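Q: Output the structure for:
(one chain, ligands or ions: 1)
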Amino acid sequence: MKTLDAQPFAYSFDPATTALIVIDMQRDFVEPHGFGEALGNDVSLLRRAIDPCRRLLEAARHAGLFVVHTREGHRPDLSNCPAAKLTRGGKTFIGQQGTMGRILIQGEPGHDIIPELYPQAGEPIIDKPGKGAFFATDLHLILQARGITSLIICGVTTEVCVQTTAREANDRGYEVLIPEDCCASYFPEFHRAALEMIKAQGAIVGWVSDADAVIDALR
Ligand code: C5J
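A: Below you'll find the predicted structure:
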């Protein structure tokens, strides 16, 4: 077992039964001129998480942790995109042509994972139509088949897909840790509030730490 400093109290995990889940580090959210920017957001706020995620990913791979990546997106015919989701976004919508192809459509350049965190062979990629990585995917099945009981979750955005996934995971019995510098939001106050909610009331959803604490524990 490994133990690291975390909030609200120390987090213990067995690397053999722990997975690193990298949420939606996709070009459309993180790179300039993508969906995120088209919605009026400052993507530099999200880009802060790239280097901590890269260091964490490298340490996780080196320690032999199971690594899973997710991508939010939809079929080209939009048949797995709920009508309600299609009407959100203000002036830019899922399926429309963006500067990196059709927005959040599988197979388009903007849907792909950024090169800095690109998945390696053997690391499953979960294509998810919702915000949570467990909704309408085989993630739980894949984790159960590997005997995974603890999840270190990073990626974007903190209060949307990271938090939704953390809550789904907690309800399924996983021990969730979020390294705070490995996730980010277009709204710094939402990032802070989401992490407060995760660790409140004695880790009601999970634990919060940072990249260095996890990397040190994995050494
Ligand atoms: C959003 C995500 N924010 N990956 N997606 O729409 O958090």
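Q: Where do the strands of the protein begin and end?
A: Ranges of strands in the chain, per DSSP state E, are 2-4, 11-13, 18-23, 66-72, 97-98, 101-102, 125-128, 150-156, 175-179, 183-184, 207-209.
Q: what does the chain have sitting close to the ligand?
A: Residues of the chain found near the ligand (C-beta under 6 Å from any ligand atom) are 24, 29, 72, 156-157, 160-161. (Glycine included, C-beta is placed from N, CA and C.)
Q: In TSV, list those residues along with pLDDT and neighbour count.
A: Shown next, in TSV, are the residues of the chain next to the ligand (pLDDT from 0 to 100; neighbours: other C-beta atoms under 10 Å):
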residue	pLDDT	neighbour count
24	98	25
29	97	29
72	98	23
156	98	30
157	98	26
160	98	20
161	98	23
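Q: got the contact list for residue 12?
A: Residue 12 makes contact with 1-3, according to C-beta atoms under 8 Å, 6 or more residues apart in numbering.
Q: partner residues bridging it?
A: Residue 12 has these beta-bridge partners by DSSP bridges: residue 3.
Q: about what we covered before: now the contacts of residue 12: which count as buried?
A: For these, a burial check counting by 16 or more other C-beta atoms under 10 Å picks out residue 2.
Q: Count the residues that sit near residue 69.
A: Using other C-beta atoms under 10 Å, residue 69 has 24 neighbouring residues.
Q: Check the one 4 residues further on too.
A: The number of residues packed near residue 73 is 25, by other C-beta under 10 Å.
Q: That one contacts residue 109, correct?
A: No. In this structure, residue 73 is not within contact of residue 109 by C-beta atoms under 8 Å, at 11.8 Å.
Q: partner residues bridging the spatially most central residue of the chain?
A: By C-alpha atoms, centre = their mean, the chain has its centre lying nearest to residue 23, at 1.9 Å. Residue 23 has these beta-bridge partners by DSSP bridges: residue 70, residue 155.
Q: so it touches residue 71, yeah?
A: No. In this structure, residue 23 is not within contact of residue 71 by C-beta under 8 Å, at 9.2 Å.
Q: residues in contact with the longest helix that the chain contains?
A: Ranked by number of residues, the top helix in the chain under DSSP state H is helix 188-203. Residues outside helix 188-203 that contact it (C-beta under 8 Å, 6+ apart) are 7-9, 45, 157-159, 162-163, 166, 176, 178, 180, 183-185, 204-208.
Q: Can I get the buried ones among these as something I can paste into ChimeraX?
A: The ChimeraX selection below is limited to those of those classed as buried (16+ other C-beta under 10 Å):
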select :7,45,157,158,159,162,163,166,176,178,180,183,184,185,205,206,207,208
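Q: what are the ranges of the helices in this structure?
A: 27-30, 35-38, 44-47, 50-63, 83-86, 139-145, 163-171, 188-203, 211-218.
Q: For the fourth one, give the mean pLDDT please.
A: Across helix 50-63, pLDDT averages out at 98.
Q: Please identify the buried residues of that helix?
A: 50, 52-57, 59-60, 63.
Q: Enumerate every residue touching the closest residue to residue 32 other than its chain neighbours.
A: Leaving out its chain neighbours, the residue that sits closest to residue 32 by C-beta to C-beta, 6 or more residues apart in numbering is residue 43, at 5.7 Å. Residue 43 sits next to 29-32, 34, 36-37, 186 when contact means C-beta under 8 Å, 6+ apart.
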